[in-house]
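1. curious how this folds, go ahead:
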Amino acid sequence: LQAKDKVKVSIALPPDQRATFLPGVMENFEAIADVLMRIDAKKSKASVLSDNGALQKAMRCDVGFAALNAGIRNHLRGCYHDTARALAEEEAAKEGSDGLALFHLAVSLQLHGDHVGAQKLCERCLELWRVQYGEEHRSTAAAYFQMGNIHNSKGEHD
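-> Numbers count the residues shown, from 1 in each chain. The predicted structure is shown next:
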């Protein structure tokens, strides 16, 4: 999947599931991402039965299953990150929020190479935790540590 294909995927959550999604993200962000990464194009089916043969042939001959799977997985990971980011931002804006969802998302973004996105979220956590907990708190220290990891990943060692 490429930007020129103008493929759009979104994750819509009903209000009752929004409340359970964010705690799941905070508990284990990667577990949810791992479920999305099990997508296998070989098992896909077209919604119109007569299109199945053409779909399978196109995947075998044009792009290949491995390339298609990689593209779909990367696209889904991005959609998941975008959805989680929006929910984490919503949660962080609430009075009394601990910003933990933002921090988990920052770690995941950094692990997947989005250093700019990770840095922005981590800076937000750091700002929030410095005010909420002070400089000596373990959460503030964790945010500083993660900022160091992000800069290290970007090759910024000064």
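
2. distance between the one helix or strand His75 maps to and the chain's centre?
-> Here His75 sits within helix 65-93, counting by DSSP states H and E. In terms of Cα atoms, centre = their mean, to the nearest Å, the centre of helix 65-93 is set 4 Å apart from its chain centre.

3. now that helix: average pLDDT?
-> The average pLDDT within helix 65-93 is 78.

4. tell me the mean pLDDT for the helix or strand just after it?
-> Moving toward the C-terminus from helix 65-93, the next helix or strand (DSSP H and E) is helix 100-111. Helix 100-111 comes out with an average pLDDT of 83.

5. how much does helix 100-111 deviate in direction from helix 65-93?
-> Interaxial angle, helix 100-111 versus helix 65-93 (axes from the mean of the first three to the mean of the last three Cα atoms, to 10 degrees): 150 degrees.

6. give the buried residues for helix 100-111.
-> For helix 100-111, the buried set under the neighbour-count rule, 16 or more other Cβ atoms under 10 Å, comprises 100-110. C-beta: built from backbone N, CA, C; applies to glycine.

7. quick check: mean pLDDT across stretch 144-155?
-> Average pLDDT, stretch 144-155: 93.

8. send over it as CSV, restricted to the C-alpha atoms.
-> Taking Å, rounded to 0.1, in the frame of the first residue of the first chain, the C-alpha atoms of stretch 144-155 are listed here in CSV:
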residue,chain,number,x,y,z
TYR,A,144,13.9,11.7,30.7
PHE,A,145,15.3,8.2,30.2
GLN,A,146,13.0,7.7,27.2
MET,A,147,14.0,11.0,25.7
GLY,A,148,17.6,9.8,25.9
ASN,A,149,16.6,6.6,24.1
ILE,A,150,14.9,8.6,21.4
HIS,A,151,17.8,10.9,20.9
ASN,A,152,20.1,7.8,20.8
SER,A,153,17.9,6.1,18.2
LYS,A,154,18.2,9.3,16.1
GLY,A,155,22.0,9.3,16.4
